[in-house]
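Chemist: Okay, predicted coordinates and the sequence, questions at the end:
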Amino acid sequence: METKSRDFWVGVFVILAIAMAMLFFWLMGSFSFVQSNPQYFLRFSFAGGVEVGSPVRVSGVKVGRVEKIDFLSGVEGMDRTAIEVTISVARKALAVIHEDSRFFVNIAGIIGERYIEISPGSVESPVLPPGSRIRAVDPPRIDQLLSQGYGVFGRVQEFLEQNEKSVTSFLNQLARVMDDTAKVLEKSDRKKIGQVIDNLSQITSDLRFMTEKIRGPQGEEFFDRLMVLIERAHEIDKPTLKKFFQEEGIRARVF
Amino acid sequence: MVGRRVNGGIAGLGRFTWFLGGTLTHLVSQSLRGRAESVIHHIWIMGVLGTPSAVLSLAFLTAVLIYELAFHLRLIVPQDAMIPSFTSLLVLRELGAVVTAMLLGSRVGAAITAEIATMKSTRQLDALELCGVNLIDFLVVPRVLGCVIASVCLTCLATGGALLITAFTTSQSLGLTPRFFLTHLFLFAEPGDLTICVVKGALFGLTIPIVACFRGLNASSGSEGVGSASTRTVVENSVLVILLDFLVSWLWYAI
Amino acid sequence: MLARFTENLKSKVENFGAVLRFGFQALRLVATEGVPPRLLTEQLFECGVKAIPTTLVSGFFVGAIMAIQIELQLRNFGAEGAVGGVATSVTIRNVGPVLIGFILVGKVGALTTAVLGTMRVTDQIDALTCLGVDPIRMLVAPRLIAAIISCFLLLTIGLIVSVGGGSALAWLNFGTNPWHYISQIPKFVSLESLLTGGFKSLAFGTLLGSVACYQGYWATGGAAGVGKMVRKAAINSLVGIIVADFFISWIISHFLRGIGH
């Protein structure tokens, strides 16, 4: 084969191979040939399995990816080492992200790929400028929830174990009381109980009548007089008191 | 008998290490200026001429892989949408590099060994040495350089070509469109996987010519010697490819 | 250039046809006249037994490689417990026969080509013909049969060892209990898979044996020619294995679906 032609094909070969590799790198999102996308910096204390390259979605639509994940310590507003997740968001999605948008870690579908979900936020709130640092919502730690659940169960179990005797006796007594009450109710004459209840209602209605009276104008007047009596009685000694009571009693027609 | 074989083996290893050291030193230290011609010649033979068979072979293999993965994935998740992604993972990480290397090892390795062994047999090597030519410089280095470049390029082209071809040929039977196939190809792949593919290509491209040249230079004379040396090259290369592939995969993915 | 490519393709297919014809010729001889047992045992030892260490090593590592990859992929589903079954199934059906077949192309195929090629180039074959002995019966047939049987047995051994390799790796790296690994196998490896693996072993053996014998027998050009023939045999065997793998998988999956599941 002619040297020139051969050299040409070798060149083509190498160039094609490099182009193929570049194409694949690009398809995997290593580079962007457009102007680099705006970024946000999210702070988590627990990242929940999000990785570099995980997608970023707004209202379920993919708009970017996670570019970097770093550890930061000594950040205001966070009591422990924070995870800073740098995400890139396509320009077209910038307008929907507001200052009251919330940033979550969500799980996609059956396989459980983690991604960052951004809720769009309200229209009144101003648009969140790129480059902002945002405190994102930590995903729940299932293992913590489980261990707390276990803790609670454990304690309840402990309590029950330690106080087993008293708990059992309490339960027994309760059962007995209910039993007895049931027996009593069974044994005693239904009619008698009905009578007792009727009498009770009679007494209460009488009492009501009395209290009505007391509240009325007559009752008030009686109380006023009583008060006057007591005041007068205040200044008198014993024999005079006796005489007084007698005299006043006759006058009031009490005796 | 075992003792003698072990002795022979260790002696052989020693010779090989010496050879390896010499080659690497020469690779690094000697200037590349006059060599372009012969390196290009080797890239031509090793790379360009082998492209159709490499691409087609890998395409067949990838097609089989797709059917196999479809069969297995359906046992776990009845979703054909994942198949392109998992196939590309396996091809990129393992098969692309290994199969290309096997093909290269046989075609190129045996050719180099036969060539050099024949030269030794016909006393050409002695003649060259008498003229003061350093054999490693003259014979080994251009082949090594050519093969490394050819191997990397060939691996890229074969892997990419195979994936592209199978995208179009197998999508129908999977119930997907080629477009879907291609866009979902690298869903789970990371740039690291592609890098590993290229690294393996380079590694194999390095070891194949070195082993081949070594066998050729140490061949016994006559046609029997040539034949046996070529055979040993093919065998050793194929086993070496598997061992190295395991080593790289293990170090990268499992540690 | 396209014309040259198609011509190339045509000649390759013709070549393949010639190989098959040659192979069947040898096999027909075996069927009708049989093979001298001593020669057969000799060849079996040369090709088969000598290749055992290499097969063990390769099989082990092929299994290990697949175990790593399958484990990583299963992690996406949280299904790592199934790694034993899935990795073995994939390896036995497809990757194992192909990769181990590649190794055997070298160990068995290239060896046969070299031996036969040297004999041809040093005119030993012509000498035999002069003596009235059929070289195909004496030289080719035993080697071909030996190659087929050896490849079949070696591939089977290799596949079994690959299970060991996979479980060893799963145990060392992922902490999977080897018994658990192996217990997954009956769940995922169907009879169809085993048959596929076995059939491929047989087919690959026949293929590489035929190619090796053909190339060796018809070698030309002296010492350099032998080397060239080894190369051609190797590369043709490799490509042949890949293509055969495709067609066998395709045929089995289309026509034998349902067996074993």
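Modeler: Yep, it's here.
Chemist: for the stretch 1-150 of chain C, which spans come out with low pLDDT?
Modeler: C:1 (pLDDT under 70).
Chemist: what does it put close to chain B?
Modeler: C:5, C:54, C:57-58, C:61-62, C:64-65, C:68-69, C:72-73, C:76-77, C:79, C:82, C:86, C:89-90, C:93-95, C:98-99, C:102-103, C:105-107, C:110-111, C:113-115, C:117-118, C:121-122 (CB under 8 Å from any CB of the partner chain). To be clear about C-beta, it is placed using only N, CA and C from the backbone, and glycine gets the same treatment.
Chemist: Now, of those, which are buried?
Modeler: C:54, C:57-58, C:61-62, C:64-65, C:68-69, C:72-73, C:76, C:79, C:82, C:86, C:89-90, C:93-95, C:98-99, C:102-103, C:105-107, C:110-111, C:113-115, C:117-118, C:121-122 (16 or more other CB atoms under 10 Å in any protein chain shown).
Chemist: Which of those residues fall within helices?
Modeler: By the criterion of DSSP state H, membership of these in helices covers C:54, C:57-58, C:61-62, C:64-65, C:68-69, C:72-73, C:86, C:89-90, C:98-99, C:102-103, C:111, C:113-115, C:117-118, C:121.
Chemist: ok, and of those, which contact chain A?
Modeler: Near chain A, by the rule CB under 8 Å from any CB, you find none of these.
Chemist: What backbone torsions are found at the closest residue to B:S57 other than its chain neighbours?
Modeler: Distances taken as CB to CB, 6 or more residues apart in numbering or on different chains put C:I242 closest to B:S57, at 4.7 Å, once the chain neighbours are dropped. In terms of degrees, to the nearest 10, the main-chain angles of C:I242 are phi -60, psi -50.
Chemist: List the residues that contact C:I242.
Modeler: Neighbouring residues of C:I242 by CB atoms under 8 Å, 6 or more residues apart in numbering or on different chains: B:57, B:60-61, B:99, C:98.
Chemist: same deal with B:S249?
Modeler: Going by CB under 8 Å, 6+ apart, B:S249 touches B:93-94, B:196, C:65, C:68-69.
Chemist: quick one: which of those is nearest to C:S201?
Modeler: Nearest to C:S201 out of those is C:I65 (CB to CB; 19.2 Å).
Chemist: so what's that closest one closest to, chain neighbours aside?
Modeler: Closest residue to C:I65 apart from its sequence neighbours, by CB to CB, 6+ apart: B:F246 at 5.1 Å.
Chemist: ditto for C:N173
Modeler: Nearest residue to C:N173, sequence neighbours excluded (CB to CB, 6+ apart): B:A254, at 4.6 Å.
Chemist: Next to chain A in this structure, residues from the stretch 151-255 of chain B, please.
Modeler: By CB under 8 Å from any CB, the part of the stretch 151-255 of chain B that sits against chain A consists of B:152-154, B:156-157, B:159-161, B:185-186, B:189-191, B:194, B:198.
Chemist: and for stretch B:134-141, what are the contacting residues?
Modeler: Contacts for stretch B:134-141 (CB under 8 Å, 6+ apart): B:19, B:22-23, B:26-27, B:30, B:35, B:116, B:125, B:128-129, B:209-210, B:213, B:217.
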